[in-house]
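Colleague: next come a sequence and a model predicted from it.
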Amino acid sequence: MLDRTTTELKKYRTYIDGKWVDAASGKTFQTFDPYTGEPWALIPKCEKADVDIAVEAAARAFDTGPWCSLTQTARGKALRRIAALIEKHAEHLAEIEVRDNGKLISEMVAQTRYLPEWFYYYGGLADKIQGAVVPVDRPEHFNYTLREPVGVCAFITPWNSPLMLAGWKLAPALAAGCTVVIKPSEYTSASLLEFMRLVIADADIPPGVINVVTGYGAVAGEALVTHPKVAKIAFTGGTATGARVNELASRSFKKVSLELGGKSPNIVFDDCIIDDAVSGAISGIFAATGQTCIAGSRLLVQETIHDVFVEKLVAMARQARLGDPSKAETQVGPVTTPPQYEKILSYIDIAKAEGARCVLGGGPATKEEGGGRYFVKPTIFLDVDNRMRIAQEEVFGPVLSVIRFKDEDDAVRIANDIAYGLGAGVWTQSVKRAHGVAKRIKAGTVWVNTYRAVSFLMPFGGYKASGLGRENGMEAIDGYLQTKSVWINNGPGGGNPFIMKTAS
Ligand code: TXE
């Protein structure tokens, strides 16, 4: 059970090269409990010097350490040890994340209990990574390909699902044979440090294979992104930061995967099961306090059922229990960071000024309403036009824009009229419509008659401004591998040395 009684700040160290260390400068920063608004722990403030030590350790571990001589089967076993240790500590890891991030304990326990599956899955995949013998068009040659790890990977992770999003990157990277340096968000570093203490330090992973640099994005993050020995960056965060990371990384030709923002359409057709769609619309926007990249923040409702649907939707959203995220009965928790709280409120003002009609919420939630320091009431805007800023820009909070549409073509046009392309929901009982609309939507994931479902088996990532590359599933491991082509000439050398050796 989460204990908020001690007022003394817990002091964390970070994990670099298999050792627990302070930042080289000795500096720390405070991390806050979003529910109380009070600081509860101190985190090492890593800067360039710490990043250099961490990347050097990861590079050594990649080039010469015991990790690089492990068989792929042994690497797979290491991942399975990690999975078993997460299972053992799932409840504790969930509680730390609730404390640091304000996510609901019910959602967090489900997340940390599911996270081991990523390590089992990629652990199983580790010794199925293989090249091919290629029947090249010369009889005297024997040709094959090798699938090799890219090298040192840097992970830059956000505050909304800190452990899960680090795990999505870590499991395939380790299975591929890479070594890593992780920079968690400065708002939520504690759960990753607990993960290193309870899971990695006990999983018999050689020093330097997984390192953590806690610190600010502009300092520790940029030092990591520009470090010459980092081969790949896997980033999850906002679109503006992702663009900056991509630009910096491209200067030294690093491989980059980006999982960015969204403004996902959740489309309700008049042939849907209305109660299911209402529940799907609520889970799309109010789960995780709307702080999720896949939030179904544009609810497209067919005009024939608009009024009935909205009435049910508002009635259900009005019942949402706000409160302490560590209590099992709470349904909507606090906003995680003070800047995010301000951003959400400013978008509510923007929507009102644009003429959207607020029919629920529309401001901070007081203590009497179950709220507290950083709570925003579940908010619903009607009469939203898709060209309004409230419909086009990511709010990342519990704010829903309801947009009417006429028919299927109109729905698809509105859904795709956006810079983003992360997710989309479709609510219909027609099989033909489900497949047809799923194909026409420009987004990395389309859910039909469900929303916000993820699995280690299903590729996840964005079309358009929502990102580059894919996490999860077989595809994710390709992002941590590169292919080498080997040519063995078993015949005589010679020939004309001044021309390219092409086939006969
Ligand atoms: O995220 P940032 P912020 C969206 C959401 C939110 C907005 C801003 O709309 O309102 O982004 O959130 C590190 N070089 N999402 O500012 O800045 C930073 O330290 C290298 C969507 O909190 O993107 C953190 O570790 N790294 C989202 C990580 O980047 C830098 C999740 C993400 O922070 C850096 C979160 C730099 N110059 C917010 N600047 C999603 N896709 O799920 C910052 N960082």
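Modeller: Good, I have the coordinates.
Colleague: near the ligand, which residues of the protein show up?
Modeller: Residues of the chain lying close to the ligand by CB under 6 Å from any ligand atom are 156-160, 183, 185-186, 217-218, 221-222, 225, 236-238, 241, 244-245, 259-261, 293, 340, 343, 394, 396. Using the backbone N, CA and C atoms, a C-beta is placed for each residue, glycine as well.
Colleague: next one, pLDDT for the closest residue to residue 390 other than its chain neighbours please.
Modeller: Spatial nearest neighbour of residue 390, excluding adjacent residues (CB to CB, 6 or more residues apart in numbering): residue 351 at 3.8 Å. pLDDT recorded at residue 351 is 98.
Colleague: may I have the beta-bridge partners of residue 405?
Modeller: residue 302 (DSSP bridges).
Colleague: check the burial of it by counting its neighbours.
Modeller: Residues lying near residue 405 (other CB atoms under 10 Å) number 22.
Colleague: adjust the sequence numbering to begin at 814 for everything that follows.
Modeller: Sure, I'll start counting at 814 from here, so that last one is residue 1218.
Colleague: in three-state terms, label the residue nearest in space to the middle of the chain for me.
Modeller: The chain has residue 978 as the residue nearest its centroid, 4.2 Å off, counting by CA atoms, centre = their mean. Following DSSP: H, G, I helix; E, B strand; the rest coil, the label given to residue 978 is helix.
Colleague: what does residue 1092 give?
Modeller: Reducing the assignment at residue 1092 to three states with three-state DSSP gives helix.
Colleague: so how far is residue 852 from it?
Modeller: Applying CB to CB, to the nearest Å, the value for residue 1092 to residue 852 is 37 Å.
Colleague: hang on, the earlier thing: got a list of what the residue nearest to residue 1203 touches?
Modeller: Residue 1164 makes contact with 1171, 1194, 1197, 1201-1203, 1212, 1214 under the criterion CB atoms under 8 Å, 6 or more residues apart in numbering.
Colleague: related to what we said a few turns ago, in helices, which of the residues of the chain next to the ligand fall?
Modeller: Using DSSP state H, the members of those that fall in helices are 1035, 1038, 1054, 1057-1058, 1153, 1156.
Colleague: from these, which is closest to the ligand?
Modeller: The closest of those to the ligand turns out to be residue 1054 (CB to the nearest ligand atom; 3.3 Å).
Colleague: residue contacts, the closest one?
Modeller: Residues near residue 1054 by CB under 8 Å, 6+ apart: 1030, 1048.
Colleague: now do the residue nearest to residue 1203 against residue 1201, distance only.
Modeller: Separation of residue 1164 from residue 1201 (CB to CB) stands at 7 Å.
Colleague: can you list residues touching both of those two?
Modeller: residue 1214.
Colleague: which positions within the helix or strand that residue 1129 is a member of qualify as buried?
Modeller: For residue 1129, the element it lies in under DSSP states H and E is helix 1119-1131. For helix 1119-1131, the neighbour count (16 or more other CB atoms under 10 Å) marks 1119, 1122-1123, 1125-1127, 1129-1130 as buried.
Colleague: how far does that helix sit from its chain's centre?
Modeller: Averaging C-alpha positions (CA atoms, centre = their mean, to the nearest Å) puts helix 1119-1131 30 Å from its chain's average.
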